[in-house]
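[1] Structural data only, the sequence is not supplied:
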């Protein structure tokens with residue numbers, strides 16, 4: 001019983017760590033070779049406005065980019081659309097270059113996971129990325145405790 005609980009807890013933790021961050025969908029600084037970059041880009045001659053991009057469906061985007069999107073691309077597209085729609089609703093201008101670049105911080109995660117709220121407060125000293133990662137670590141710790149006590 002405890003072995004199954006441990007496996008379930010580790011599975012949930014692995015799932016949380018493997019999901020892509022939403023900000024990586026908006027602004028990625030990874031090097032992409034030019035040959036693959038062309039496959040990802042939309043034709044600039046389409047002149048899509050931001051509101052038109054926010055209203056696109058995944059199927060329409062696949063037709064416009066002439067390629068099938070994988071699950072990570074679909075998720076990134078939907079998260080980007082959500083951020084754009086929030087900005088439009090508030091009346092702000094969405095700029096892809098000004099989007100926050102969130103990077104997962106393993107040190108912050110470990111602080112939140114092992115030290116709880118104290119770790120989250122300590123992570124404030126190390127910056128925004130460490131703070132966010134420590135909150136994720138604290139959330140994982142709480143989920144594991146809930147699973148432990150429920151079963």
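    Happy to help now that I have it. Computed from a prediction, not measured in an experiment: that's the story for all the values here.

[2] Residue 9 and residue 146 touch, don't they?
    No: assessed by Cβ atoms under 8 Å, residue 9 is found out of contact with residue 146, at 9.9 Å. Glycine gets a C-beta too; all of them are placed from N, C-alpha and C.

[3] Who has more neighbours out of these two?
    residue 9 (18 against 11; other Cβ atoms under 10 Å).

[4] Stretch 108-122 - what's its average pLDDT?
    Computed over stretch 108-122, the mean pLDDT rounds to 92.

[5] Which residues does that stretch contact?
    17, 123, 126, 129-141 (Cβ atoms under 8 Å, 6 or more residues apart in numbering).

[6] how far does it sit from the chain's center?
    Centroid separation between stretch 108-122 and its chain, computed with Cα atoms, centre = their mean, to the nearest Å, is 20 Å.

[7] buried residues in it?
    Going by neighbour count (16 or more other Cβ atoms under 10 Å), the buried part of stretch 108-122 is 108, 109, 111, 112, 113, 115, 119, 120, 122.

[8] does the third one count as helix, strand or coil?
    Pointing back at residue 111 there. helix (DSSP: H, G, I helix; E, B strand; the rest coil).

[9] What separation is there between it and residue 146?
    20 Å (Cβ to Cβ, to the nearest Å).

[10] Name the helix or strand of this structure that has the lowest mean pLDDT.
    The weakest-scoring helix or strand in the chain, judged by mean pLDDT, DSSP states H and E, is helix 34-40 (a mean of 44).
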